[in-house]
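Predicted model follows, preceded by the sequence.
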Amino acid sequence: MSSHNYISVICANPDMMVINGVWEKGMDKIPEYALTTFFLQTVFYIIASRVLGLVLVPILKQPRMICDILAGFIFGSGVIIKSHSFNTILNTKLGTPTLELVGYFGLMYMIFLAGVKLDTTLIKGIEKKFVVTAAINLILPFTVTFLAGFGLGIGEDVLSIPKSVIRKIFQKPDDINYTYDSMVSDFIGLAEGKRTYFLFFVSLCFSLTSFPTLLRLVTDLKIVSTEPGRLALSASVVSELLGWVFLAVLINLWSFRPWAEPVYLVCWAVIWIVFCLTLVRPVMVWVSKRMPTGDQPSNSYIGLVLVSVAGAGLLNEIVGMHAAFGVLVFGLAMPAGPLAVALVDRSEEFMGNFMLPFFFITIGLTADFGLLDDESKMMENLKGFWSLSPNFIMLAGIAMVCKVVTGLFVSIVFWMPAKDGLALGVLLCSKGALDYVILGTTIMKDVFNHLQYTVVLVGITLTAAMVSPLATFLYRPSRPKIMYRRRNLQRAKHDGELRMISCVHNYRNVPAIITLLEASNPTKRSPIFVYVLHLIELIGRASAMLIVHNPGSKSNKYRPSHHTVTPHRGQQQAELIATAFENYEQHAGGVSVQPLTAVSPYENMHEDICTIAEDRHAAVILLPFHKILGVGGDLETISPSIRTVNQNVLARALCSVAILVDRGLGANSQLTTDTRNMQITVALLFFGGPDDREALSYAWRMADHPGVSIMVLRFIPGTENNSSISLPRSGTLTMPELAELEEQERQRDDELMNEFRVANAGNERVVYAEKVVNNSEDTVGAIRLMERFDLFIVGKGQGKETIMTAGLQNWSEYPELGPIGDLLVSADSGITSSVLVLQQYNKTGTGTTEGTPVTALAMTENAKKLVGYLRNASQKFWKMSVGTDSNRGSFR
């Protein structure tokens, strides 16, 4: 599409909106009907953009904006389809302005929502760094690109002077001092001024940082709370605000208007900011307080705010400032709370996914290489394009280098890591709507010709396309493992320190988790450090993704930031969760609780969990099941997305993982002020393998609690089956080698179980029994007889089917629980107890242990002698649960 079409005056017949039957009037009549043309363009370009996104977004890490621009660029400039009939139908003078109008409307509201989502407390604690970063980010790139433009000779051919200015020169009064030379001098001065303003436009296009684009990028990377993320966002807000002001001022300077008008616009910018902060913000706070507590804002409140946004844009347009400046300041003035969250939640998807793409699509449509012209003109255009490209692309590169230098300078001055400085510089290179609006202004005001416009458009787009992959590379490298040994419970001492991550989605998860923590026997000798991670879906303000709450005073230690909670209900949930764990820590001995809040989309939530677990050297991650106990006693789904989170954590965690299926565990236990008065019965089902050893290690911690009674039931394959563990076959292993691995697993099971029995030899609350089973039917029958326990602890199994569980996995509804865990949760089992399923971490992730367990390596000669003693005296010592060899399968 030609740049001339971009500014054409179009006459439309208001009666020709809908074609009402293309078969009657023909395809060639579609461009004459505005609404029909708009529908056709919508379907075609949105589909084209999404198809490009299937490759560019996940693989090349490109923002959606690039896909939209490329869709317009590819199909509008004749790069692929050079048919004039195609462009006549799809890229019409009547339809394209409609796309542009819809796109601009979406852009204004997305800029407003970006302001709403920004946490204005980002600069707290980094005020000096913010001032330095914002100042250098504006001054250095602008100055260097401006001087480089002069040095490269850019803009030397800019001689266009308005006729009104020329007329004033010729109408000067007769003055003997005003000679021909004076007139020539005036014209040269005007030409030099024109070139200066021309380079101002060029420098402005390349040197600004787009706030909305950067906000989405740092949100996707989950680095809003990091120092580079906070600095980049804060500096981009300043760049965005001043960019809109500079644009309005430059338009006046280019048109040779009186100097008073630019000064007036700057004063208006200050007045508008003060007005929004001192009047609009208090009014919005007052409105928020008038809304019923706990209820979602009504549509009338949302509609009132959206109309106010349009009014803010209109007022600024009347004054002479760009509407985007007005709506951005209006959005920044919005207070955090349920109204802000509802605005984002109800309007962002439609504005961002449907309306905003049209703005970037029309930007792509305005690129003009002359490919649709005749051959001679096309070659002339291409020659002009390639002659201009080196200098302008060089300016784009210089601007990027200046941004990176800015980040590195800040890191050196304030003793930040060099990698953070480099990341900050890359983030500051973000390009977005502001840059393209400035570029569009240059073609409408005849600052650039169509070739200069296209070259700068390509330069800006290339810069924007480079930022996201570079930032992703810098912030998502292959994460080095943090070296610590106690990545599972078996490696940790049963009477030593335990570090665990306890995930919470809502308050209903809390009672069962607190009961389980107390049952885990926290004492001063064996303390438990619990990092309570409140998981919140990111649907509102894009504030810190991970919040470590202030551990200072008890009064506010557990209070989450109001900027970080998404729905209004979520704020109340966070306070209830914090209060419950605060009370438990105060009354329990040996428990230290550190509250955390992670705000992220469900599809990325597992990354937060795994990262926090590794950073805190956790041995186990405790996850709530995606179903909770309903009123009728059945399990009800909270959110299917929670199940996906659990599955992702099981697959990627670098420590052991436990899933708790709560069926009234917190209600069944008697938690009083003295938590040691609780009474709970636990059954451990042991089949063998690393996960079952992990389950036994957890039960071992519970054994010393005076209120916990434990039944350990070990399932043993009958004599007709001599294999208990089916290891995955490998083409490199022979049958004898497989048999040797099975024997090693069996020995590890025996060693850990014997250690457990030795340690609990005098503990009357621990009962051990063995059950001989020949197949999965015997296993199911034995488990169904066990209904009197509050909690079952089992290993997941990690896909290693035994003869005792053969076939159970084929009927599994919840594979993440393993065959036994799934059986216990199934309504067909008749068991209504809570279930804790554990998966042991190992290096390979295949279920085999990480070398010989520490507990086995630590066995002394005395321990081995005790094992022999147990083998000889077990009948007497465990007579309450184990019979003779002939009736070994009995269980009582």
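Sure thing, it's come through.

alpha carbons only for contacts and neighbour counts from here, please
Fine.

so where's the stretch 51-200 of the chain shaky on pLDDT?
77-89, 91-95, 121-125, 157-193 (pLDDT under 70).

Which residue ranges of it form helices?
Secondary structure of the stretch 51-200 of the chain, counting by DSSP state H, counting those that start in this stretch: helices at 64-76, 84-90, 95-117, 127-151, 163-170, 180-207.

could these be laid out in a markdown table, adding distance to Pro624?
Formatted as a markdown table, the helices of the stretch 51-200 of the chain follow (distance: least, Cα to Cα, whole Å):
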| stretch | distance to Pro624 |
| --- | --- |
| helix 64-76 | 34 |
| helix 84-90 | 52 |
| helix 95-117 | 29 |
| helix 127-151 | 40 |
| helix 163-170 | 74 |
| helix 180-207 | 48 |
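
Next, format the ones you listed as CSV and append mean neighbour count and distance to Gly818.
As requested, the helices of the stretch 51-200 of the chain are arranged in CSV below (neighbours: other Cα atoms under 10 Å; distance: least, Cα to Cα, whole Å):
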stretch, mean neighbour count, distance to Gly818
helix 64-76, 23, 39
helix 84-90, 16, 55
helix 95-117, 23, 41
helix 127-151, 19, 51
helix 163-170, 11, 82
helix 180-207, 19, 56
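
who wins for proximity to Gly797 among those helices?
Gly797 lies closest to helix 64-76 among the helices of the stretch 51-200 of the chain, at 41.8 Å (Cα to Cα).

Tell me the bridge partners for Leu623.
Ile659 (DSSP bridges).

just for the stretch 451-600 of the chain, where's the confidence low?
For the stretch 451-600 of the chain, applying pLDDT under 70 flags the ranges 476-486, 539-572.

now with 90?
Along the stretch 451-600 of the chain, the model assigns pLDDT under 90 to residues 451-455, 472-497, 506-508, 521, 523-526, 536-590, 594-600.

Where do the strands of it begin and end?
498-504, 528-537, 546-548, 591-600 (DSSP state E, counting those that start in this stretch).

and of the ones you listed, who's closest to Ser639?
In terms of Cα to Cα, the element of those nearest to Ser639 is strand 528-537, at 11.1 Å.

What is that closest one packed up against?
Here strand 528-537 touches strand 498-504, strand 591-600, going by 3 or more Cα pairs under 8 Å, 6 or more residues apart in numbering; DSSP states H and E.

between the next helix or strand after the longest one and strand 591-600, how many degrees?
From strand 591-600 onward toward the C-terminus, using DSSP states H and E, the following helix or strand is helix 605-615. Interaxial angle of helix 605-615 relative to strand 591-600 (axes from the mean of the first three to the mean of the last three Cα atoms, to 10 degrees): 140 degrees.

who does helix 605-615 touch, helix- and strand-wise?
By 3+ Cα pairs under 8 Å, 6+ apart, helix 605-615 packs against helix 640-652.

where along the stretch 601-750 of the chain do the strands fall?
620-624, 627-629, 635-637, 656-661, 680-686, 708-717.

Next up, the contacts around Thr637.
626-628 (Cα atoms under 8 Å, 6 or more residues apart in numbering).

contacts for stretch 309-327?
108-109, 111-112, 241, 244-245, 248, 265, 272, 330.

can you check stretch 408-428 too?
Contacts for stretch 408-428 (Cα under 8 Å, 6+ apart): 129, 132-133, 137, 209, 214, 227-229, 231-232, 236, 400, 403-407, 467, 470-471, 474-475.

Go through these and flag which are in helices.
Among those, the ones falling in helices (DSSP state H) are 129, 132-133, 137, 214, 227-229, 231-232, 236, 400, 403-407, 467, 470-471, 474-475.

Generate a PyMOL selection restricted to the buried subset of the residues you listed.
Only the buried entries of the ones in helices among the contacts of stretch 408-428 go into this PyMOL selection, using 16 or more other Cα atoms under 10 Å:
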select buried, resi 129+132+133+137+214+227+228+229+231+232+236+400+403+404+405+406+407+467+471+475
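
and the one residue sitting closest to the centre of the chain, what element?
Among the residues of the chain, Asp220 comes closest to the average C-alpha position under Cα atoms, centre = their mean, at 4.1 Å. Assigned by DSSP H and E, Asp220 falls within helix 211-221.

residue boundaries of the helices in the stretch 351-500 of the chain?
Going by DSSP H, counting those that start in this stretch, the stretch 351-500 of the chain shows helices at 356-365, 375-413, 418-427, 433-444, 450-475.

so can I have a markdown table of those showing distance to Leu152?
Output for those, formatted as a markdown table (distance: least, Cα to Cα, whole Å):
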| stretch | distance to Leu152 |
| --- | --- |
| helix 356-365 | 27 |
| helix 375-413 | 7 |
| helix 418-427 | 25 |
| helix 433-444 | 20 |
| helix 450-475 | 15 |
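
Where among the ones you listed is average confidence lowest?
Of all the helices of the stretch 351-500 of the chain, helix 375-413 carries the lowest average pLDDT, namely a mean of 86.

and it with helix 450-475, angle?
40 degrees.

Tell me how far helix 375-413 lies from the chain's centre.
Relative to the mean C-alpha coordinate of its chain, helix 375-413 is positioned 31 Å out (Cα atoms, centre = their mean, to the nearest Å).

Make 31 the first number, not 1, from now on.
Taking 31 as the first residue, the last one we looked at is helix 405-443.

Pull out the buried positions in that helix.
Neighbour counts using 16+ other Cα under 10 Å place 411-412, 415, 418-419, 421-441 of helix 405-443 among the buried residues.

returning to that earlier point: nearest to Tyr227, out of the helices and strands packed on strand 558-567?
Of all the helices and strands packed on strand 558-567, strand 621-630 sits nearest to Tyr227, with 44.1 Å by Cα to Cα.
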